[in-house]
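[1] quick one: sequence plus predicted model below, questions after.
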Amino acid sequence: MKKLNKIGVLTSGGDAPGMNAAIRAVVRKCFYEKIEIVGVVKGYQGLIDDNIRLLDPSSVSGILKEGGTILKSARSKDFRTKEGRGKAYINILKHGIDALIVIGGDGTFTGANIFGEEFNIPVVGIPGTIDNDLYGTDLTIGYDTALNTVVEAVDKIRDTATAHSRLFFIEVMGRDAGFIALSAGVASGAEVVLLPEKPTSYDELKGFLEKQYSYQKESSIVLVAEGENMGSTLDIANRVNEEHPEYDARVTILGHLQRGGSPTVVDRILASELGVAAVDALLEGQNSIMVGMVKDEIEYVPFIKAIKNKKNVNSRLLNLISVLSG
Ligand SMILES: Nc1ncnc2c1ncn2[C@@H]1O[C@H](COP(=O)(O)OP(=O)(O)O)[C@@H](O)[C@H]1O
Ligand SMILES: O=P(O)(O)OC[C@H]1O[C@](O)(COP(=O)(O)O)[C@@H](O)[C@@H]1O
Ligand SMILES: [Mg+2]
């Protein structure tokens, strides 16, 4: 195994609270192990554009509690091309980088896997996405903070919904995954959740709502994962209002506020552990793997498994929604 003298670290895809805590852990662990560490600015695009700078323990002072990412993030079209990845590799050689740590989601790991195979450079991934849609880790960095943000917002909407006896459709993030909608739904007492993993028909939804209305509930909340099957949240709410004007339905789309804010304790600890574990993995000669946390143990999960295997939503939680919404 080639000696590790210099590691590059980057954040890529949608930012997530706790990415800074992970960067800090990687940088401080490298210092501890006497390995040089450089930060790549703006994800894979920064590798292509040679936007690379030296980091030291003081460059990560005070960032543990900050949302966003000091290294910035990007969705790089160029890295999807062989030509772009070729430019990235030239810059890796220019800076003498021996291995990469990439912090991101499924897209980031797909790119890392291709890049590692093309150019034979060791790459280790740290799961950072609010969506929690990665197989091989119980939690991804940022998910817990996003959940807390969503629940705080839903609690507030519940106040006004109850005051006016209204139905609210609240759309949350989760491009292809319903983890945020389901867990936040249980934690905020949502009456219905709409998830991509469990397609619901319009008639089923109507049936749920009619049942709720027959209980004379003070308010109802439907948490909609953006990737669910029925189409736009506004269209669903409009149709419900046409058929049942008495529900007086309203729509709130929480949007990018779910991605910001100071990370929770859970995310800070997870990010610190995985940051250190990623450097350990490289020191052990690991390659093309994600470091995950399963039942409080660090696991090495091949990129291909983390991307291709489907992480299932918790059916117990789904059942809770129907049992507790009465
Ligand atoms: N098939 C691919 N080939 C090369 N690079 C990819 C591929 N898929 C994703 N990437 C890179 O990873 C970046 C992040 O992926 P994206 O899906 O946007 O976010 P996330 O990693 O959070 O899921 C993309 O912008 C792109 O640069
Ligand atoms: O910020 P953008 O580019 O509008 O992307 C929005 C998407 O990013 C996310 O917030 C996070 O997704 P990724 O972690 O896969 O990038 C999704 O929930 C959402 O669909
Ligand atoms: Mg993703």
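    Good, I have the coordinates. Ligands and ions are numbered 1, 2, ... in the order given.

[2] now the helices: where do they sit in the protein?
    19-32, 43-48, 82-94, 106-119, 143-163, 179-188, 202-214, 233-243, 265-283, 303-308, 315-324 (DSSP state H).

[3] comparing those, which comes out most buried?
    Highest mean neighbour count among those (mean count of other CB atoms under 10 Å): helix 43-48, with a mean of 26. The way it works is simple: take the backbone N, C-alpha and C, and place the C-beta from them, glycine included.

[4] for the protein, give me the ranges with low pLDDT.
    Residue ranges of the chain with pLDDT under 70: 1.

[5] for it, what lies in contact range of ligand 3?
    Within reach of ligand 3 by CB under 5 Å from the ion, the chain has these residues: Gly105, Asp106, Gly107.

[6] would you mind giving the domain segments of this protein?
    The chain breaks down into these domains under automatic domain parsing: 6-142+263-308, 144-259.

[7] among those domains, which comes closest to Arg316?
    Nearest to Arg316 among those is domain 144-259 (9.6 Å), distances taken as CB to CB.

[8] what's Leu4 sitting at in phi/psi?
    Per-residue torsions, Leu4: phi -90, psi 110 (degrees, to the nearest 10).

[9] give the contact list for the closest residue to it other than its chain neighbours.
    Once flanking residues are discounted, Leu4 sits nearest to Asp98: 5.2 Å by CB to CB, 6 or more residues apart in numbering. By CB atoms under 8 Å, 6 or more residues apart in numbering, the residues touching Asp98 are Lys2, Lys3, Leu4, Asn5, Lys6, Ile7, Ile121, Pro122.

[10] make a markdown table out of those residues and add distance to ligand 2 and neighbour count.
    A markdown table is the format used below for the contacts of Asp98 (distance: CB to the nearest ligand atom, whole Å; neighbours: other CB atoms under 10 Å):
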| residue | distance to ligand 2 | neighbour count |
| --- | --- | --- |
| Lys2 | 31 | 8 |
| Lys3 | 33 | 6 |
| Leu4 | 28 | 17 |
| Asn5 | 31 | 12 |
| Lys6 | 27 | 16 |
| Ile7 | 23 | 26 |
| Ile121 | 23 | 20 |
| Pro122 | 23 | 20 |
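
[11] quick revisit: restrict the residues of the chain next to ligand 3 to contacts with ligand 2.
    Counting by CB under 6 Å from any ligand atom, Gly105, Gly107 from those sit close to ligand 2.

[12] for Tyr143, state which of the residues of the chain next to ligand 3 is nearest.
    Using CB to CB, these come closest to Tyr143 at Gly105, 10.7 Å.

[13] do I have it right that the closest one meets Tyr135?
    No: using CB atoms under 8 Å, Gly105 is not in contact with Tyr135; the gap is 11.7 Å.

[14] how close does whichever residue of the stretch 151-300 of the chain sits closest to ligand 1 get to Tyr300?
    With CB to the nearest ligand atom, the shortest gap between the stretch 151-300 of the chain and ligand 1 falls at Arg175, namely 8.0 Å. With the distance defined as CB to CB, to the nearest Å, Arg175 ends up 26 Å from Tyr300.

[15] if you count surrounding residues, which of the two has more?
    Using other CB atoms under 10 Å, the more surrounded residue of Arg175 and Tyr300 is Tyr300, with 18 against 15.

[16] not counting residues beside it along the chain, what's closest to that one?
    Ile289 (4.5 Å).

[17] how many other residues sit next to the one you found?
    By other CB under 10 Å, the burial measure for Ile289, its neighbour count, is 26.

[18] list the contacts for it?
    If a contact means CB under 8 Å, 6+ apart, then Ile289 has Val124, Gly125, Ala281, Tyr300, Val301, Pro302, Phe303 as its contacts.

[19] out of the residues you listed, which sit inside strands?
    Val124, Gly125, Tyr300, Val301, Pro302 (DSSP state E).

[20] correct me, but Val276 touches Lys29?
    Yes: with contact defined as CB under 8 Å, Val276 reaches Lys29; the gap is 4.7 Å.

[21] residue contacts, the residue in the stretch 201-326 of the chain positioned nearest to ligand 1?
    Residue nearest to ligand 1 within the stretch 201-326 of the chain: Ile307 (9.2 Å; CB to the nearest ligand atom). Applying CB under 8 Å, 6+ apart, we find Ile307 in contact with Asp106, Phe109, Thr110, Asn113, Leu134, Tyr135.

[22] and the residue lying closest to the last one once chain neighbours are set aside, how close does it get to Gln45?
    Yep, that's Tyr135 we're talking about. Spatial nearest neighbour of Tyr135, excluding adjacent residues (CB to CB, 6+ apart): Asn309 at 3.8 Å. As judged by CB to CB, Asn309 and Gln45 stand 28 Å apart.

[23] same question, Lys87
    From Lys87 to Gln45 the distance is 10 Å (CB to CB).

[24] surely Pro196 and Met230 touch.
    No: using CB under 8 Å as the test, Pro196 is too far from Met230 to be in contact (10.2 Å).

[25] what touches both of the two?
    With contacts defined as CB under 8 Å, 6+ apart, no residue is shared by Pro196 and Met230.
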